[in-house]
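S.K.: Structure for the following, please:
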Amino acid sequence: VDKFPFSGGYGTEQSPYRIACPEDLGDMVKFINSGESGFADAYYAQTKDIDIATLETSPLTDHIGTAAHPFKGVYDGAGHKIENISFASIATDEAGQGLFGTADGAAIKNVKVVGYTSPTAEGRHGVIAGNITNTVVDNCSVSGTISAFVGGISGGVVGYNGAGSTVSNCTVTADLSSNSNSFGGIVGENYGKVKKCTVIGNLSQTGSTNGTAGIVGQCYSTEEISVEDCRYSGNITSVGKNTAGIVGRKAAGNSTISGCVASGNYTLTGTNDQIGGIIGGIVCSCTVKNCESYANVSSETARAGGIVSYYFCAGGKLVIDGCIVRGNVKGASCVGGIVGELSDNATTGNNQTVWIVNSACIGSAIESTGINGKGNPLVGGLIGSAVENVNSLFQLINCVSRPSTINIPSGIAFPCPAGLVGTNNP
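M.R.: Okay, here's the model as predicted:
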């Protein structure tokens with residue numbers, strides 16, 4: 001180090017390095033990313049609001065922390081703002097892209113970012129942090145104008161929330177857009193925990209994706225993970241598969257989605273399917289508990305559900321308990337007030353267990369437009385379509401179906417509208 005670094009402090013818990021200007025953030029990039037000893041695992045405290053735009057050339061020439069030299073320390077933003085971050089000139093496919101690029105065993109808290117321009121390269125994008133493992137991101141916020149995320153994985157706060165990591169008490173009040181494979185208002189892809197986070201803003205997914213949602217794009221872990229007490233309010237427009245208010249797709253392991261609330265208007269256009277008020281598609285064991293959807297869900301194709309769009313998991317178990325739907329649900333086929341489609345192999349079976357208990361669809365309009373405006377509407381007040389086998393168990397217990405209307409196209413030869421389940425096969 002050729003000068004006394006930062007605006008003071010010694011990098012200890014008692015005397016953290018003081019971050020008070022854009023140049024101090026630039027020094028973090030310089031010292032941490034080069035692997036210089038004593039900086040990656042140090043303590044940092046922001047002492048003033050920082051506006052990167054006050055300088056003609058940004059000292060943030062890269063993200064703080066790389067795959068080779070991750071950030072391992074503690075950064076406390078103390079509620080001060082960092083404004084007008086821009087990584088537009090970075091074209092490298094870095095593993096983590098955000099204010100913090102890659103963090104491992106770190107704590108990032110009380111950071112406020114106002115205005116952010118994302119790199120044009122693919123990667124793991126997150127405004128606060130791109131790629132984290134064994135890390136806590138707490139009480140951070142994102143607002144202002146946020147540029148579109150390009151490719152890879154993207155989240156309004158964290159791109160990739162790796163094993164052992166928790167994102168909690170974070171808020172996003174901004175409109176977000178992306179063509180990423182996994183895109184969420186808080187986290188793009190989740191292998192950890194997401195708790196007490198809120199997003200107020202619109203999401204636009206412009207690419208074919210595996211998961212888009214107001215909170216988490218995809219949950220993807222063999223370990224037990226959770227999304228708890230989160231809120232999304234806004235409109236979602238998507239052309240990608242698995243679109244929802246809270247979690248776009250639950251793809252592996254066992255997980256719990258609980259105490260979450262979603263509202264707004266969600267629209268899935270094009271040829272992709274699966275849209276839900278709370279979760280899009282589930283292909284593993286999952287518990288959805290005490291969640292509420294006030295969202296109006298609409299798809300041009302099949303599988304639309306007030307809580308869950310689609311479920312299929314060999315040997316798996318789905319529990320939906322204490323959930324309420326008060327928004328409208330519309331799709332071409334497999335449209336249900338709670339679940340669009342519960343799928344199974346009708347011949348061999350997959351030993352699935354599904355319990356839907358203490359849940360209700362109240363005051364909603366449930367509508368199937370039919371395949372190409374005709375045929376196979378499969379619409380129900382609770383479940384649109386259920387395919388079960390002797391080896392599987394589907395149960396509805398203490399549930400209420402009280403939609404305002406259940407509509408299907410006129411002139412269909414074999415309509416399947418029903419107050420509870422549109423069709424149960426066999």
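S.K.: hey, let's count contacts and neighbours off CA atoms from now on
M.R.: Fine.
S.K.: mind showing which ranges of the chain have poor pLDDT?
M.R.: The chain contains residues with pLDDT under 70 at 1-4, 91-94, 344-350, 371-376, 388-391, 411-418, 424-426.
S.K.: What's the separation between the most centrally placed residue in it and L396?
M.R.: Nearest to the mean C-alpha position of the chain, by CA atoms, centre = their mean, lies V216 at 1.2 Å. According to CA to CA, to the nearest Å, V216 and L396 sit 28 Å apart.
S.K.: Over to T212?
M.R.: For T212, the distance to L396 - CA to CA - is 28 Å.
S.K.: Those two: which is more packed in?
M.R.: Higher neighbour count among T212 and L396: T212, with 42 against 17, using other CA atoms under 10 Å.
S.K.: May I have the residues that are in contact with that one?
M.R.: Residues near T212 by CA atoms under 8 Å, 6 or more residues apart in numbering: 182-184, 205, 218, 238, 240-244, 247-249.
S.K.: Can you tell me the element it falls in?
M.R.: strand 211-213 (DSSP states H and E).
S.K.: quick check, distance from that strand to the centre of its chain.
M.R.: 6 Å (CA atoms, centre = their mean, to the nearest Å).
S.K.: sorry, back to before: does the residue nearest to the centre of the chain have beta-bridge partners, and which?
M.R.: When bridges are called by DSSP bridges, V216 pairs up with V187, V247.
S.K.: What residues does it make contact with?
M.R.: V216 neighbours (CA under 8 Å, 6+ apart): 155, 183-190, 246-248.
S.K.: try 6 Å
M.R.: Contacts for V216 were tallied using CA atoms under 6 Å, 6 or more residues apart in numbering; they are 184, 187-188, 247.
S.K.: do the same with T198
M.R.: Shown in contact with T198 (CA under 6 Å, 6+ apart): 171, 230-232.
S.K.: Which ones among those map onto helices?
M.R.: Among these, no residue falls in helices (DSSP state H).
S.K.: hang on, I32 in a helix?
M.R.: Yes: counting by DSSP: H, G, I helix; E, B strand; the rest coil, I32 is located in a helix.
S.K.: burial of it, as a residue count?
M.R.: By other CA under 10 Å, 23 other residues sit near I32.
S.K.: Please name the nearest non-neighbouring residue to it.
M.R.: A40 (5.0 Å; CA to CA, 6 or more residues apart in numbering).
S.K.: What is the burial count for the one you found?
M.R.: 26.
S.K.: is it true that it touches K72?
M.R.: Yes: distance between A40 and K72: 5.4 Å, which falls inside the contact criterion (CA atoms under 6 Å).
S.K.: Regarding C361, what is its secondary structure?
M.R.: Following three-state DSSP, C361 is assigned to strand.
S.K.: show me what contacts it?
M.R.: Contacts of C361 (CA under 6 Å, 6+ apart): 324-325, 337, 401-402.
S.K.: which residue sits closest to S147, ignoring its sequence neighbours?
M.R.: Nearest to S147 is T117, by CA to CA, 6+ apart, at 5.0 Å.
S.K.: hey, what's that neighbour bridged with?
M.R.: Counting by DSSP bridges, the residues bridging with T117 are S86.
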